[in-house]
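Engineer: Okay, here's the prediction I keep looking at, along with the sequence it came from:
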Amino acid sequence: MLTFSCLGVLTAYWLFFSYAFKQGQAIEYEGPCLWGAYRIAHGLNPYPLESLSQSPYAVLIYPPFYFYLASLFLHGEPSYLMPRLISMVASLATAGFYYAFLRSLNLSRLASGSGSCLLMSFMAIWLWSAKGRVDALSVALSCLGLFFYGAACKNNKPGSLILSAAGLMLATMTKQPSALFVPALALDLLCRRKFKNMLLFCGSYLLFLGSSIAAMQIITQGGFVAHMRFASHMPFEWRYLFERLALMASDIPKFLLAGIAAVVLLLKSKLRLGREDNLRLALLMLLTTIPVTFYTAGTAYSNVNHFLVTLLPLPLLIASALDSGRKKPDENSNPPILFAFLTGATLILSSLIIVFLGFAQFGQGPQGKVLSLSKPVNVEEFKTLVKGKPVLCEDAGYNILYGAVAEPVDITTFIQVLGLDGPQAADMLKKVKERRYAAIVINHKEMDGTRSARQWSPSITDAISENYSLLGQMNGNCEAQDVFIPKSSPALTK
């Protein structure tokens, strides 16, 4: 069962990886990450303080570790290839690090392999495994930090706690939610009565993190913290949270199995080989991650990747319950019959679901999913049209791929914090009316009114219709984007 499930999961990842290698445009909101990495590669400040309030507007809401890593490979022709490759390697490393983490908690090879396979079959883990974004790397580094923590507890080596703190610091400096594991591990050490180890772990983490933040503040001339704080004012709505949870329907079997696993561990009369430690650790990780991740998932333009850190404790529960029948570490796994059957069924079902989704999303022909465009705009002609000129668009990658001076970078953060008619939007509206943009590239659903969550105010879309003419369509974030140019533009007569 496990071998079949692993082959299924690998097939789904191969389909997505193959698709990502072929796509020259952004798959989904990769633009801001490419923009940040490109600026670092060319010696520019990725967090310019003035960009929050002055044109061209830009906000970068993630810490810089991924950007610095990706910048090492962006000195030639700019593309999404190398940033995506980093995510692919990180995703494969996640499977290995998580397996090693489970093994460090005295779980058998069968239980650890099952847990790792189930983790990689989560839709959120899979769908962000090949995107040129921060998500996959932050998960991999989090798993690395967890592995060192498990090794420290197993071998009673405090030095491994320093490595765990370093791994989690790098994960935090890649994407902030990884920091939520730190209080969970600190509380676990407290429950183990390892007070000195807790102080060593927390002190190391705070020292590493504080030093990194201070260094970035100096390098960015105060811009780093300003950009991080800018994104902290996003409003929460319950309906958005429920919509994001509904998107994870394919993972319901794993959620149910994790709940059953927790009950199995709780009802065991004699928990052996530290299973009570594993249960406590998993519950603490859930306790510290759920409130924050559920809040961020309840913002208007979130996605299921906001749940990534909350998924990591679930396979730990399942693997621990699967191994609950073992009396000695060197014994073979002897799981409860019913739970073993449920785990095997969930493994097979999860692999079949993810393979089906893989073929449905990325297996349609040699180019994968093909975007249907009405009157496609020639990419080279568009590049000539906008190079070095101001452009209004949603895809920040146009800054890099076409040499445009595009704004805003990360529009969803701007409108969540300041609203559709904030001061930045008012300034952009003025420039639209004055026809100061060489081109405007805007989601087709925004213009025809079918988009569920608007990113542009009606005043801006009305001004576009009055002052700009439709040139055609092009790809952006894997959606059809309408390309407009000023009505007085010579390109209209060609």
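Structural biologist: Received it, and whenever you're ready, just let me know what you need.
Engineer: how's the protein carved up into domains?
Structural biologist: 2-362, 379-493 (automatic domain parsing).
Engineer: where among those is the average confidence lowest?
Structural biologist: Note on the domains of the chain: domain 379-493 shows the lowest mean pLDDT, a mean of 85.
Engineer: chain center to it: distance?
Structural biologist: Taking C-alpha atoms, centre = their mean, to the nearest Å, the mean C-alpha location of domain 379-493 is offset from the chain mean by 25 Å.
Engineer: circling back: please identify which of the domains of the chain is closest to L373.
Structural biologist: In terms of C-beta to C-beta, the element of the domains of the chain nearest to L373 is domain 379-493, at 4.4 Å. Using the backbone N, CA and C atoms, a C-beta is placed for each residue, glycine as well.
Engineer: which SS state does N475 fall under?
Structural biologist: Three-state call for N475 (DSSP: H, G, I helix; E, B strand; the rest coil): strand.
Engineer: ok, the closest residue to it other than its chain neighbours - how many residues close by?
Structural biologist: Nearest in space to N475, with sequence neighbours left out and distances taken as C-beta to C-beta, 6 or more residues apart in numbering, is Q25 at 4.4 Å. Summarising burial for Q25: neighbours were counted as other C-beta atoms under 10 Å, giving 20.
Engineer: and Q25, which of the three is it?
Structural biologist: If you use three-state DSSP, then Q25 falls in the coil class.
Engineer: Can you name the residues that contact it?
Structural biologist: If you count contacts by C-beta atoms under 8 Å, 6 or more residues apart in numbering, Q25 has them with 80, 395, 397, 401, 474-478.
Engineer: ok, back up a step: could you redo the domains of the chain as TSV and give each row distance to L373?
Structural biologist: Formatted as TSV, the domains of the chain follow (distance: least, C-beta to C-beta, whole Å):
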stretch	distance to L373
domain 2-362	11
domain 379-493	4
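Engineer: How far does stretch 110-128 stretch from one end to the other?
Structural biologist: Across stretch 110-128, the terminal residues are separated by 26 Å (C-alpha to C-alpha, to the nearest Å).
Engineer: Return the set of buried residues in that stretch.
Structural biologist: Going by neighbour count (16 or more other C-beta atoms under 10 Å), the buried part of stretch 110-128 is 110-128.
Engineer: Could you tell me how far it lies from the centre of the chain?
Structural biologist: Centroid separation for stretch 110-128 versus its chain: 16 Å, with C-alpha atoms, centre = their mean.
Engineer: now swap in stretch 152-164 and tell me
Structural biologist: Worked out by C-alpha atoms, centre = their mean, stretch 152-164 lies 28 Å from the chain centre.
Engineer: Now do it: everything it contacts.
Structural biologist: 104-106, 145-149, 151, 185, 192, 196-197, 200-201, 204, 277.
Engineer: do you know how far the residue nearest the centre of the chain is from T293?
Structural biologist: Within the chain, one residue has its C-alpha closest to the average C-alpha position: by C-alpha atoms, centre = their mean, that is D135, at 2.9 Å. As defined by C-beta to C-beta, to the nearest Å, D135 lies at a distance of 13 Å from T293.
Engineer: Make JSON lines from the contacts of Q25 and add distance to S465 and neighbour count to it.
Structural biologist: Supplementary listing: the contacts of Q25 in JSON lines, determined by distance: C-beta to C-beta, whole Å; neighbours: other C-beta atoms under 10 Å:
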{"residue": "Y80", "distance to S465": "31", "neighbour count": "26"}
{"residue": "D395", "distance to S465": "21", "neighbour count": "26"}
{"residue": "G397", "distance to S465": "25", "neighbour count": "28"}
{"residue": "L401", "distance to S465": "27", "neighbour count": "22"}
{"residue": "M474", "distance to S465": "19", "neighbour count": "21"}
{"residue": "N475", "distance to S465": "22", "neighbour count": "19"}
{"residue": "G476", "distance to S465": "19", "neighbour count": "24"}
{"residue": "N477", "distance to S465": "22", "neighbour count": "17"}
{"residue": "C478", "distance to S465": "25", "neighbour count": "15"}
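Engineer: Out of the residues you listed, which is nearest to F181?
Structural biologist: Compare each of the contacts of Q25 with F181 using C-beta to C-beta and the shortest gap goes to Y80, at 29.0 Å.
Engineer: so the closest one makes contact with I400?
Structural biologist: No - contact criterion C-beta atoms under 8 Å: Y80 and I400 do not qualify, at 9.2 Å.
Engineer: Which neighbours do these two have in common?
Structural biologist: Counting by C-beta under 8 Å, 6+ apart, the shared contacts of Y80 and I400 are L34.
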